[in-house]
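A.B. asks: Below are the sequence and a predicted model for it; my questions follow.
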Amino acid sequence: MERRVVITGLGAITPLGNNVEEFWKGIKEGKCGIDQITKFDASEFKVKLAAEVKGYNPEDYFDRREAKRLDLFSQYAMIASREAWKDSGLDKEKENMERVGVVVGSGIGGIQTIETENKKCNEKGPDRVSPMYIPMGILNMATGNVAIDIGAKGESVAMVTACASGTHCIGESFRMIKHGYQDVVLAGGTEAGITPLSIAGFTNIKALTKAEDKNRASIPFDKERSGFVMAEGAGVVVLEEYEHAKARGAKIYAEIVGYGATSDAYHITSPAPGGEGGARAMKLAMEEANVKPEEITYINAHGTSTHLNDSCETQAIKTALGEENARKVMVSSTKGHTGHLLGAAGAVETIICSKAIEEGFVPATINYKVPDEECDLDVVPNEGRKAEIKYAISNSLGFGGHNSSLLFKMSN
């Protein structure tokens, strides 16, 4: 028997705020979390801007020894997971923790540790490489550390699908609960990729914008868009079986009713022509939910501010919903606010969709100035809107041709 899956806890650390309340306030107010890179000297780099987590001190969350043994991407995941767990009201003493899973992904994992230890190896010799290098750098350790920290003994998995990682993690967790393998899962994504090597690599593949005005850098669907802005942080949600949540009187933000995942099988970085893979992911999510295209109120687009992504995603939405319905639906990208959190993007955007449904507020696509005839949908320019959201879709599309869509509804 298939079971219903609801979202009962939210946790985030982002360029707009280091908890969900601050983050959502920034989204509603149309704030931009992008600024000059401060994590390293970027004076010799072509890219000067990023969306960094602000005012972060590891010792506010961890003791000094523990912080030194955790790469930043693991720290962010643990902070977001603690907030989500606390928000859910779940009690370890009352739960069967063997039925509580953790699925937290990342696009590039512990790259900060990898860069630091590589430099040590090259400059000081192999004996100087930290014995913590491997357990800090490997990508599954965000999930592993969260499971240890929370005491979750169920399935513990890390999914890696580039910028679709967070959405895939939540979608696969939804399936775990729906089909009876788990009762509760902490699911999401984390990223700490604002490092010299990472910025250089993404710059040289021509993915990042070289714009120096923070309000004209991440400009999804704008004709002058020229690439994305690297961001960092984490988003984690608590997914729970509906009857389990109801029995304990949990607050329910939204219900996940559909999930679609496809592969372009086309190119390592470019989306398939017409965004056909993304269109199939949205269609699969709607089919699973038994929801018609005309019932969709809002789409939180992947909307990276790259030329190909935004034009192909526009076409994908038209294909999935049909031209007439596509013109009626509100489609915004919140990456103007946050930058692009890579593997954490879909998780943070799931939180945005959950809060949007809860409060009846559609976030804007900020810093939008120059319309593009290739991106001719209602992109909710510059001002958010009050609107009842019955059904919302969140899209994530990753290098390698990974496409994933989640479909949310108001729970009743």
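C.D. replies: Arrived safely, thanks for sending. Residues are numbered from 1 along each chain as shown.
A.B. asks: which ones are touching the closest residue to residue 164 other than its chain neighbours?
C.D. replies: With sequence-adjacent residues excluded and distances taken as CB to CB, 6 or more residues apart in numbering, residue 164 is closest to residue 398, at 3.6 Å. From N, CA and C alone the C-beta is placed, and that goes for glycine too. Neighbour list for residue 398: 107, 161, 162, 163, 164, 165, 404 [criterion: CB atoms under 8 Å, 6 or more residues apart in numbering].
A.B. asks: Go through those residues and flag which are in strands.
C.D. replies: residue 404 (DSSP state E).
A.B. asks: Tabulate the contacts of residue 398 in TSV, adding columns for neighbour count, pLDDT and distance to residue 30.
C.D. replies: Below are these laid out as TSV (neighbours: other CB atoms under 10 Å; pLDDT from 0 to 100; distance: CB to CB, whole Å):
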residue	neighbour count	pLDDT	distance to residue 30
107	27	97	26
161	26	97	30
162	22	97	28
163	27	97	23
164	32	98	26
165	33	98	27
404	32	98	27
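A.B. asks: gap between the residue nearest to residue 164 and residue 277?
C.D. replies: With distances taken as CB to CB, to the nearest Å, residue 398 is found 11 Å from residue 277.
A.B. asks: and if you look at residue 208?
C.D. replies: The value you get for residue 208 to residue 277, if CB to CB is used, is 23 Å.
A.B. asks: quick one, which of the two is more surrounded?
C.D. replies: When neighbours are counted by other CB atoms under 10 Å, residue 208 comes out ahead of the other of residue 208 and residue 277, with 27 against 22.
A.B. asks: you'd agree that one is up against residue 228?
C.D. replies: Yes: in this structure, residue 208 is within contact of residue 228 by CB atoms under 8 Å, at 6.2 Å.
A.B. asks: which helix is the longest one in this structure?
C.D. replies: Longest helix of the chain, by residue count under DSSP state H: helix 72-88.
A.B. asks: which helices and strands does that one pack with?
C.D. replies: Secondary-structure packing of helix 72-88 (3 or more CB pairs under 8 Å, 6 or more residues apart in numbering; DSSP states H and E): strand 5-13, strand 100-105, helix 111-124, helix 141-150, strand 184-191, strand 233-241.
A.B. asks: mind redoing it with 6 Å?
C.D. replies: Applying 3 or more CB pairs under 6 Å, 6 or more residues apart in numbering; DSSP states H and E, we find helix 72-88 packed against strand 5-13, helix 141-150, strand 184-191, strand 233-241.
A.B. asks: Which positions within that helix qualify as buried?
C.D. replies: For helix 72-88, the neighbour count (16 or more other CB atoms under 10 Å) marks 72-85, 87-88 as buried.
A.B. asks: And for stretch 353-369?
C.D. replies: With burial defined by 16+ other CB under 10 Å, the residues of stretch 353-369 counted as buried are 353-358, 361-368.
A.B. asks: Reformat the residues you listed as a markdown table; add pLDDT.
C.D. replies: Listed next are these as a markdown table, based on pLDDT from 0 to 100:
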| residue | pLDDT |
| --- | --- |
| 353 | 98 |
| 354 | 98 |
| 355 | 98 |
| 356 | 98 |
| 357 | 98 |
| 358 | 97 |
| 361 | 98 |
| 362 | 98 |
| 363 | 98 |
| 364 | 98 |
| 365 | 98 |
| 366 | 98 |
| 367 | 97 |
| 368 | 98 |
